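Colleague: next comes the sequence, and after it the predicted model I'd like to discuss.
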Amino acid sequence: MSLNVTFGVSTWLWTSPFQSKTLELFPKIKKMGYDVVEIPVEDPQLIDVSEVKKALDDHGLKVVICGAFGPTRDLTHDDPKYHQICFDYLDACFEISNALGAEFVAGPMYSAVGKARLVSEDQRKTEWERAVNNLFKVCQNAEKSGQKIALETLNRFETDLINTTQELMRLIKDINHPAARVLLDGFHLCIEEADMEQAFHNVRDKLIHVQVSENHRGIPGTGQTDWKALRKGLEATNYSGVISIESFTPNVQELAGAVCIWKPLAPSQDEFAAQGLSFLKKWIAGNP
């Protein structure tokens, strides 16, 4: 079965945060053969939408917008002021996404990344209800600007709230809003799912974005990821969106510390992107 997908790459592979200088990557990304650039919005004020739109148009690139959820952007926090901070941030992300022609904002926006604890059942229930109620509000805000949200499962070392696709689908069912959709990242699936293919069956038509790297966060095709099962999963959902490489550079200390990348995962970040895309094109054609 042939899959009608396009390939993207996150600018996190090279740098952080995204800002005007990051636009220098666009011609290189296009020349490598990518059709999409994934922009992580760490600070909306650093992003000049008109400047980014012109650069995308100049280089024939489309865009995916991904959120970044640190300790102050936490919809499950005990203090509601952090909920509002996250609402305001996501509203800015929706504006950016809409202005750049994207259709959703992606990420693990239900809680702060790195919030991984053993908590009581009462506390877990409280935080789950906060996530549901606050994400319903987020979906309402997204809908106003014609956007959706793509919620991402994370591994147990990065969150204690949503680790599996079954948990994610329970969350989406509880949110009960059509704007709530799914992002699957192969890195997290490798850690948390018993069956890579079944993970895609679990989310089915809710899937609107896919991210990949290797099980060790390195170049696709160089590790233990079950790429055959991943492809079968994509076929099962008849996926026709973007597949983005998401990994990170060890050269930005704050970013590297957040994702625990202590050493280079490739001879260079350019080689990571080029070799990764070469593998993905062969893999999606059925020739890994």
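Modeller: Alright, I've got the coordinates. This is a predicted model, so every value here is computed, not measured. Numbering: from 1, shown residues only.

Colleague: CA only for contacts and neighbour counts going forward, please
Modeller: Noted.

Colleague: elements contacting the helix of greatest length in the chain?
Modeller: When the chain is scanned for its longest helix (criterion: DSSP state H), the result is helix 121-144. Where contact means 3 or more C-alpha pairs under 8 Å, 6 or more residues apart in numbering; DSSP states H and E, helix 121-144 is packed against helix 80-99, strand 148-152, helix 165-175.

Colleague: what residues does it touch?
Modeller: Counting by C-alpha atoms under 8 Å, 6 or more residues apart in numbering, the neighbours of helix 121-144 from elsewhere in the structure are 75-77, 83, 87, 90-91, 94, 110-111, 148-149, 161, 171, 174-180.

Colleague: list only buried entries from those.
Modeller: 75-77, 83, 87, 90-91, 94, 110-111, 148-149, 161, 171, 174-175, 177, 179-180 (16 or more other C-alpha atoms under 10 Å).

Colleague: just the pLDDT at residue 288, thanks.
Modeller: In this model, residue 288 is scored at 57, pLDDT.

Colleague: just residue 1 next, same as before
Modeller: Model confidence at residue 1 (pLDDT) stands at 66.

Colleague: what do you get for residue 72?
Modeller: Among the per-residue scores, residue 72 shows a pLDDT of 97.

Colleague: my guess is it contacts residue 111, does it?
Modeller: No. The criterion here is C-alpha atoms under 8 Å, and residue 72 misses it with residue 111 at 9.8 Å.

Colleague: how far off centre is the helix or strand of the chain with the lowest mean pLDDT?
Modeller: When each helix and strand of the chain is scored by mean pLDDT, DSSP states H and E, helix 253-259 comes last, with a mean of 82. Averaging C-alpha coordinates over helix 253-259 and over its chain gives two centres that are 17 Å apart (C-alpha atoms, centre = their mean, to the nearest Å).

Colleague: and the contacts of that helix?
Modeller: Helix 253-259 has contacts (C-alpha under 8 Å, 6+ apart) with 16, 248-250, 262.

Colleague: list the buried residues in it.
Modeller: Within helix 253-259, the residues that qualify as buried by neighbour count (16+ other C-alpha under 10 Å) are 255-256, 259.

Colleague: ok, now stretch 267-280?
Modeller: If you call a residue buried by 16+ other C-alpha under 10 Å, then stretch 267-280 has these buried ones: 269, 272-277, 279-280.

Colleague: what is the rounded mean pLDDT of that stretch?
Modeller: Confidence over stretch 267-280, taken as the mean pLDDT, stands at 98.

Colleague: swap in stretch 87-104?
Modeller: Across stretch 87-104, pLDDT averages out at 98.

Colleague: same deal with stretch 9-27?
Modeller: Model confidence over stretch 9-27 averages 97 on the pLDDT scale.

Colleague: which residues touch it?
Modeller: When contacts are defined by C-alpha under 8 Å, 6+ apart, stretch 9-27 is touched by residues 29, 34, 36-43, 46-48, 51-52, 55-56, 59, 61, 244-249, 251-252, 255, 269, 273.

Colleague: I appreciate the help and will end here.
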